[in-house]
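Trainee: compute the structure for the input listed below.
(one chain, ligands or ions: 1)
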Amino acid sequence: MSASADWFDRARKVTPGGVNSPVRAFGSVGGTPPFTHSAEGAWITDIDGNRRVDLVCGWGPLLLGHSHPEVVEAVRETSARMMCPGGSTVGEVELAEEIAKRVPALDEVRLVSTGTEATMTAIRLARGVTGRNLIIKFAGCYHGHSDGLLAAAGSGLATLALPGSAGVPEAITSQTIVVPYNDLEAVRAAFAEHEGQIAAVITEASPANMGVVPPAAGFNRELAEICHSNGALMICDEVLTGFRTGPAGWWGREQQDSTRGGWEPDIFTFGKVIGGGLPVAALGARREIMEHLSPNGGVYQAGTLSGNPVAVAAGVTTLRLADAAAYAAVDAAADRVVELVATEFQRVGQPFAVQRVRNLFSFAFGDGAALGWSGKDEFGNASPINEAEVKRQESFRYPAFFHAMLDGGVNMPPSVFEAWFLSAAHDDAALEQIAKALPKAAEAAAA
Ligand code: PLP
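Mentor: Presented below is the predicted three-dimensional model:
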């Protein structure tokens, strides 16, 4: 029995499912999750001594790779001075200033510890500002595990949602309307049906929690316009995309593109990269909106660990190192991995779609023309544009692909519905390892 299998047995006796976040249990791919011993740069080593290239990267925070020496040093230096002073520290201001500098569409930032807290607070803030209750979210977008955002689409469009989890009262999800992604008509219908009642639309800047599903060109701009003409706020959730897909997140990338730019959300949420691997998240907005938050305004929010100096030190250092060269490195690694995977899938005759925004991508399995996917990917393949289409893929092919990659020394996300994450540390040696593992994995997927 491997050491990981042994520890997984022990874990299951003291922790539900043996894990502290469900996807880690390997439910959709089967097998034993490796227990990590150490990780450095692009590589992760388990307690059985298997060393693999990591395409999970902590689910997104590790833009620079694991344990970048300067991030480690900042954490060491800060923690030796203080761990949890319970009052203000310089780093909190530096991090807020850096975020505001990169994202000129916001003036102020409030630091919290998780993306879930950031979106939960953003929604409370939107309700406090507008005096309205209803929220629109898109099916397949994930915004953390607060009650109102664990809402599943009901049978009709623009209907009030059903709970997406046991333990969530219908009274709460009935305040959330779930509509299909990339569908502005459904958004307009919801606004028409609930006139004057919708506080906000929350959307991932570019969805990456149903695999990556790019927003159609102009979708975010049009969405902002619909929100604003109806007196509602737009919440742009960049917890995953923020400072990963570009120096100013996916919002910043869209502003550089005339077919997409020219919009501002009212509230941003961030997480992951801004903590560099430690728990930091944030919400940010123009001053007149942020003024509604406590202690200045009536919308309450607080946190013992909010702006924790050790976590903030990791975030400030990560953002300081996240320069143009770092983004160019991640983008180049993504180009290479997409090309390698596509080439192998073509070689073995495995139909696919690449779902991609810059350095963030995933692959959907199956013949999109036959499956009725209505988008187009960069190879001219039909690609899925919303959750219903994503779910039609041949997801049964992924476990074999995943395990062949794992055996070949590549740590993949353990679900076909997750993005693949790269870092600036994914150098030629790491890409070579991926290239070596792919032929067998592509054959396994196609079998
Ligand atoms: N929003 C988005 C877009 C996310 O991807 C996630 C987590 O993956 C969250 C919010 C929740 O963040 P956390 O897991 O830190 O609570």
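Trainee: near the ligand, which residues of this protein?
Mentor: Within the chain, the positions near the ligand by Cβ under 6 Å from any ligand atom are 59, 114-116, 119, 142-144, 204, 209, 237, 239-240, 271, 281. (Each C-beta comes from the backbone N, C-alpha and C, glycine too.)
Trainee: by neighbours, which of those residues wins?
Mentor: Neighbour counts for these, by other Cβ atoms under 10 Å, peak at residue 237, which reaches 32 neighbours.
Trainee: these two touch, right, residue 187 and residue 137?
Mentor: No. Using Cβ atoms under 8 Å, residue 187 makes no contact with residue 137, being 10.7 Å away.
Trainee: joint contacts of these two?
Mentor: 179, 201 (Cβ atoms under 8 Å, 6 or more residues apart in numbering).
Trainee: for the residue of the stretch 301-447 of the chain found nearest the ligand, which non-adjacent residue is spatially closest?
Mentor: Taking Cβ to the nearest ligand atom as the measure, the stretch 301-447 of the chain has residue 419 as its residue closest to the ligand, at 8.7 Å. Closest residue to residue 419 apart from its sequence neighbours, by Cβ to Cβ, 6 or more residues apart in numbering: residue 208 at 4.3 Å.
Trainee: now residue 161
Mentor: In space, residue 161 is closest to residue 151, 3.6 Å off (Cβ to Cβ, 6+ apart).
Trainee: which residues touch the one you found?
Mentor: By Cβ under 8 Å, 6+ apart, the neighbours of residue 151 are 137, 161, 162, 163, 164, 168, 173, 176, 178.
Trainee: 10 Å instead, please
Mentor: 135, 137, 139, 143, 160-165, 168, 170, 172-178 (Cβ atoms under 10 Å, 6 or more residues apart in numbering).
Trainee: again, but for residue 37
Mentor: So residue 37 contacts 3, 4, 44, 45, 46, 47, 48, 49, 50, 51 (Cβ under 10 Å, 6+ apart).
Trainee: go on, residue 286?
Mentor: Here residue 286 is in contact with 105, 106, 107, 108, 264, 266, 267 (Cβ under 10 Å, 6+ apart).
Trainee: got a pLDDT number for it?
Mentor: Looking at residue 286, its pLDDT reads 98.
Trainee: and if you look at residue 57?
Mentor: Value for residue 57, per-residue pLDDT: 98.
Trainee: where does it fall, phi/psi-wise?
Mentor: phi 50, psi 50 (degrees, to the nearest 10).
Trainee: now do the residue nearest to it when sequence neighbours are not counted against residue 273, distance only.
Mentor: Leaving aside its chain neighbours, residue 57 sits nearest to residue 421 (3.9 Å; criterion: Cβ to Cβ, 6+ apart). Distance of residue 421 to residue 273, computed by Cβ to Cβ, to the nearest Å: 10 Å.
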